[in-house]
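> sharing a sequence plus its predicted fold:
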Amino acid sequence: MNPVLKGAVDERRLQHGGAGLFDRVSQLFQVLERLPDRMSDEEVEGLLFVLPPDARASLGAMFLPRVREGSLAFVRMLCAWLREAAAGAQAGVSAILIPFCFPPELVHAFDRSFPITSEVLSTLGAVALEGQGERYYDMALGIGLPDHICSANAIEVGSMLGSDDFRPGAIISAAAGSCDINAKTHEILSLYHGIPQFILEKPVDNTERGQEQYLKNFNRLAARLEEFLGEELTEEKLRRTCVMVNRANELLAELWDLHKGRPDPVPNLFSLYTYGTRFAMWGTREAVDCMQVLVDVSRRRLKSGEYPAPKEVARCLLTYTSYYFDLANFFNWMEQQGYSYLGDGLGLLFPSFIDTTSRETMMAGLARNARDMPMTRQVGGPHMGLCWADDAVYAARDLGATCAIYSGHHSCKQTWSAVSILRQEMMDRAGIPLLVLQGDSWMRRTTPMSVIQHQVEEFIRNVVVRQAPGRRKVRRRVRGEGG
Amino acid sequence: MEAAAQGSAMDRVSALARVLENDPVRAWKEAGGAVVGYACVATPPEIMAAAGVLPYRLRALGNSQTQIADAHLSRFNCSFCRSCLQLGLDGSYSFLDGLVESNGCDHLRGMFENWQYSAPVPFFHYVKVPHETGDDALDYYTGELELFRDALRERFGSVISDEDILAAMDSQEAVREALRGIDMMRARSRPAFTGLEALELYLVSSAVPAADFLELAGRAAKERQNHGVNGYRARLMLCGAATDELELVAGIEDVGGLVVADAFCFGARAFSVPLRRDIEPVRALAEASLGGMLCPRMYADFSRRRDFVLQRIEMARVDGVVAMHNKFCDIHGVDNVQLRLDLEKRGVPVLQLEKEYGSGADIGRVRTRVQAFLERIGGHE
């Protein structure tokens, strides 16, 4: 066992049924951290052979030759994230549980805190653990939570509620107003274990007044964290973080532009890697390194014209989440059919450059980017449907999407509330059809991947491909109170 | 249980509570008045009343048909909001001259957005309600209510001075005071009203002009002064999601659970907090609406919600609590878990009940669950 992790990951807990998600994921990644930088196909095959079936399926998808380099970079970034969290716990650094819609860079800026992103851990559970995250989801239901809670939160939070999993020192809740279930799930964790919770509310208001209010809320949160951690957030610490944020944002923008290539040179899985990095490690050197590899691989593919299918059949914009319980049969399968994955709603970030002149400019820049985090920016806007549509229409036009897919996640009540508006706006303003799917993004038990594949295939074959380019008339619509 | 005598005030209340466009609304419209719909207790009706507009709290009255709404919202949205949207889109709410949106929850926002997107009403305004109760949030919300006042002024051409608002506060406070009185009368050892009747009264209070309600409520209280409901097995308190389902409460009371208290926003949560008169009127409304909301949409505020429930349990000598939420209602679905855990720790029996809104098919299951709960808690004979 990694000497740093020894003790932090309790081996005794791992040996009986009480092992939590964090412990199990950490232990698996201790193994992955030892992988060499370059792996032959035979070495990958050998690695997969010793893994249990669910982990084998996911890592098999990630270590396909065409994505292997990017996957290894992503895995290394995650290893550093998990290692620092565990080591930090030993060294008295406070692990702060955050949702994906909160920028981790604010927590990274402190020396005495470290962000643990709820949805990233849940996704790792779904991707890497045997039995995926279902055991923890069931633990959440076991205390009486309803079965319409979100698995993205319930897997990690269920583990903390129902097992001996590690406990964060504090929780930041940033979803009030943009996702009820996200905010409520974190609240009950706080109440259940008596963990302090800090709220960052974004008013559903994009006017100057709303922006000022958000900046006040953001600054107040930072002050509360300073007090809680007993540490001043100095200009120097902020600058160190903001420089890394700016560099990562440049790479993010470059990756966006690379998606415009035809065929799309960015492997489908890189979307997941991009926002996995964004939600866990933005503001650190590790995030920059990972993003750099993703960009480098995509650049090379653009130059060589490498694409896994004979031709690009469809350019798909996923308008919200994706499906994460079967990477091989969603991301890679799409790519092999010639269905490029231009990105999804979690990548609709649109970060701005942070002016590092002073503490005030940096806090304002961080707050602006926090407002623009996915979900917060769209369904946390003054009109869920139209704010979401504004971004999706922009992305569809800019990236040359030929179709849109809403990977309906049963618990996303706010997007389910607005998807009919989105569909209409995509047709009217971007001239592309939207497929509405139903399932659970993090659990296979709701809709099997074979059904999802079938629906995607039928849609692309019968609706997208049959539609000659430019045939659908784009009607410009006067927008309401969007962004 | 004893039925109310024919021709009583409660007969009139009961009839008014069962229709959307009731007689007083029709009379108001015929006299040239405007009616504006709102959905959440975070929207103070006083500002609308001060504009000379009749505030009307949206309801679905147990409507279970949602075929038009289902083309806009989804099966993963709460059936109460789908039912309201259905009534908005099928013309049942054609008497409304405007709508006031508030961000009560994800489903409610979707209901308003789809309504306005598909069948726009002449006046539409969005009151953006914070999820915290601190000073900053209160300042922001006060500003929101000022913007609301401006929007009403612009649309309806009225002045809406502070004096107008103070007068509306007087009249709405009288309504709340009447409801508080009725609430006390149903909480007494020999309750003057059933839970069904109390809900009928509340529904009428937010759907007719204040003067009409005060007249009816006054008569009802007088008629029931010496009345006592008997023949029940246990005294229950209902809490949870927005509930205007008369049939649901009737179903629970039919099996012997007398509802002597509630913590609904269609109920006690809407009238428990008195208005301050020592500060600017809009600020006073903001304080009462935001600080007094007691809704699980608010964060860092659970203990106050729980204490409100505990205080009502004690006041009404409640034997057991039924904490309900509509399928897919996240805020109540999750909050009810913590509430159940906390109440059970204090020895209060709790039935946590998930249900479909307005579904006749669900009422049998609900009755069975309540019957089993009554068996568990024992209670009066």
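Alright, I've got the coordinates. The structure presented is a predicted model; accordingly, all values stated were derived computationally and were not measured. Numbers count the residues shown, from 1 in each chain, chains lettered A, B, ... in the order given.
> which residues touch B:Gly218?
By Cβ atoms under 8 Å, 6 or more residues apart in numbering or on different chains, B:Gly218 lies in contact with B:Ala178. C-beta: built from backbone N, CA, C; applies to glycine.
> ok, it to B:Ala168 distance?
With distances taken as Cβ to Cβ, to the nearest Å, B:Gly218 is found 20 Å from B:Ala168.
> for the stretch 1-150 of chain B, which residues are neighbours of chain A?
B:71-74, B:76-78, B:103, B:105-107, B:109-111, B:113-114, B:117, B:126, B:128, B:130-132, B:136-137, B:140, B:143 (Cβ under 8 Å from any Cβ of the partner chain).
> just the strands in the stretch 251-381 of chain B please.
B:257-263, B:320-326, B:350-355 (DSSP state E, counting those that start in this stretch).
> quick one: the first one to strand B:350-355, angle?
Right, strand B:257-263. If you take axes from the mean of the first three to the mean of the last three Cα atoms, to 10 degrees, strand B:257-263 sits at 90 degrees to strand B:350-355.
> need the helices for chain B, in chain order.
For chain B, helices defined by DSSP state H occupy the ranges B:9-16, B:23-30, B:45-50, B:79-89, B:106-118, B:135-156, B:162-187, B:195-205, B:210-223, B:246-254, B:281-286, B:302-315, B:330-345, B:360-377.
> for the first one, what is the distance to the chain centroid?
What that stands for is helix B:9-16. The chain centre lies 18 Å from the centre of helix B:9-16; the measure is Cα atoms, centre = their mean, to the nearest Å.
> contacts made by it with the rest, please.
With Cβ under 8 Å, 6+ apart as the test, helix B:9-16 has contacts from B:4, B:22-24, B:193, B:197, B:200-201, B:204, B:207-208, B:216-217, B:219-220, B:222-224.
> got it, and the last one?
Here helix B:360-377 makes contact (Cβ under 8 Å, 6+ apart) with B:64, B:233-234, B:247-248, B:251-252, B:254-257, B:319-320, B:322, B:349, B:351, B:353, B:355-356.
> out of those, which are buried?
B:64, B:233-234, B:247-248, B:251-252, B:255-257, B:319-320, B:322, B:349, B:351, B:353, B:355-356 (16 or more other Cβ atoms under 10 Å in any protein chain shown).
> how about B:Gly231, phi and psi?
Main-chain dihedrals, B:Gly231, degrees, to the nearest 10: phi 90, psi 20.
> what is the burial count for it?
Counted with other Cβ atoms under 10 Å in any protein chain shown, the neighbours of B:Gly231 add up to 10.
> next, the contact list for whatever residue of chain A ends up closest to chain B, please.
Nearest residue of chain A to chain B: A:Ser417, at 2.2 Å (Cβ to the nearest Cβ). The contact partners of A:Ser417, by Cβ under 8 Å, 6+ apart, come to A:384-385, B:73-74, B:77, B:106-107, B:109-111, B:113-114.
> just the element for it, please.
A:Ser417 belongs to helix A:413-425 when elements are defined using DSSP states H and E.
> contacts for whichever helix or strand comes after that helix?
Next along the chain after helix A:413-425, taking DSSP H and E as the criterion, comes strand A:434-439. Contacts of strand A:434-439 with the rest of the structure, by Cβ under 8 Å, 6+ apart, involve A:319, A:323, A:403-410, A:419, A:422-423, A:426-427, A:446-447, A:451-452, A:455-456, A:459, A:463.
> need the buried ones from these selected in ChimeraX.
Selecting only the buried entries of those in ChimeraX, with 16+ other Cβ under 10 Å as the criterion:
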select /A:319,323,403,404,405,406,407,408,409,410,419,422,423,426,427,446,447,452,455,456,459
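> return only those of the contacts of strand A:434-439 found close to chain B.
Within these, those near chain B by Cβ under 8 Å from any Cβ are A:408, A:410, A:419.
> list buried residues within the contacts of helix B:9-16.
Applying 16+ other Cβ under 10 Å to the contacts of helix B:9-16 flags B:4, B:22, B:24, B:193, B:197, B:200-201, B:204, B:207-208, B:216-217, B:220, B:224 as buried.
> now these in CSV, with pLDDT?
Formatted as CSV, the buried ones among the contacts of helix B:9-16 follow (pLDDT from 0 to 100):
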residue, pLDDT
B:Ala4, 44
B:Asn22, 98
B:Pro24, 98
B:Phe193, 98
B:Glu197, 98
B:Glu200, 98
B:Leu201, 98
B:Val204, 98
B:Ala207, 98
B:Val208, 98
B:Leu216, 98
B:Ala217, 98
B:Ala220, 98
B:Arg224, 97
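> and which of the residues you listed is nearest B:Asp164?
Nearest to B:Asp164, judged by Cβ to Cβ, of these is B:Val208 at 20.0 Å.
> identify the residues contacting the closest residue to the closest one other than its chain neighbours.
What sits nearest to B:Val208 in space, not counting adjacent residues and going by Cβ to Cβ, 6 or more residues apart in numbering or on different chains, is B:Pro24, at 4.0 Å. With contact set as Cβ under 8 Å, 6+ apart, B:Pro24 has these partners: B:16, B:208-209, B:212.
> at 10 Å instead, please
B:16, B:54, B:204, B:207-209, B:211-213, B:216 (Cβ atoms under 10 Å, 6 or more residues apart in numbering or on different chains).
> equivalent analysis for A:Arg359, please.
For A:Arg359, the residues meeting the contact criterion (Cβ under 10 Å, 6+ apart) are A:233-239.
> please repeat the previous calculation with a cut-off of 8 Å.
By Cβ under 8 Å, 6+ apart, the contact set of A:Arg359 is A:234-235, A:238.
> what of B:Trp28?
Counting by Cβ under 8 Å, 6+ apart, B:Trp28 touches B:35, B:54, B:209.
> among those residues, which one has the most neighbours?
B:Leu54 (24 neighbours).
> nearest residue to that residue other than its sequence neighbours?
B:Val35 (4.6 Å).
> show me the shaky parts of the stretch 1-150 of chain B.
Within the stretch 1-150 of chain B, the stretches with pLDDT under 70 are B:1-6.
> again, only this time at 50
Along the stretch 1-150 of chain B, segments meeting pLDDT under 50 span B:1-5.
> now swap in chain A and tell me
A:1-9, A:11-17, A:480-483.
> which residues of it fall in strands?
Taking DSSP state E as the test, the strands found in chain A are A:94-98, A:113-117, A:170-173, A:197-199, A:314-318, A:339-343, A:403-409, A:434-439.
> of the buried ones among the contacts of helix B:9-16, closest to chain A?
Nearest to chain A out of the buried ones among the contacts of helix B:9-16 is B:Ala207 (Cβ to the nearest Cβ; 25.4 Å).
> any idea how far B:Gly62 is from that closest one?
Relative to B:Gly62, and taking Cβ to Cβ, B:Ala207 is found at 15 Å.
> next, count neighbours for A:Trp367.
No Trp there; residue A:367 is Ala. A:Ala367, neighbours per other Cβ under 10 Å, totals 24.
> ok, it - contacts?
A:214-215, A:218-219.
> now, the residues you listed that are in helices?
If you go by DSSP H, the contacts of A:Ala367 have A:214-215, A:218-219 in helices.
> could you turn the buried ones of the residues you listed into a PyMOL selection?
Applied in PyMOL, the following selects the buried portion of the ones in helices among the contacts of A:Ala367 according to 16+ other Cβ under 10 Å:
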select buried, chain A and resi 214+215+218
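> which two of the ones in helices among the contacts of A:Ala367 have the greatest separation?
A:Tyr214 and A:Asn219, at 9.7 Å, using Cβ to Cβ across the ones in helices among the contacts of A:Ala367.
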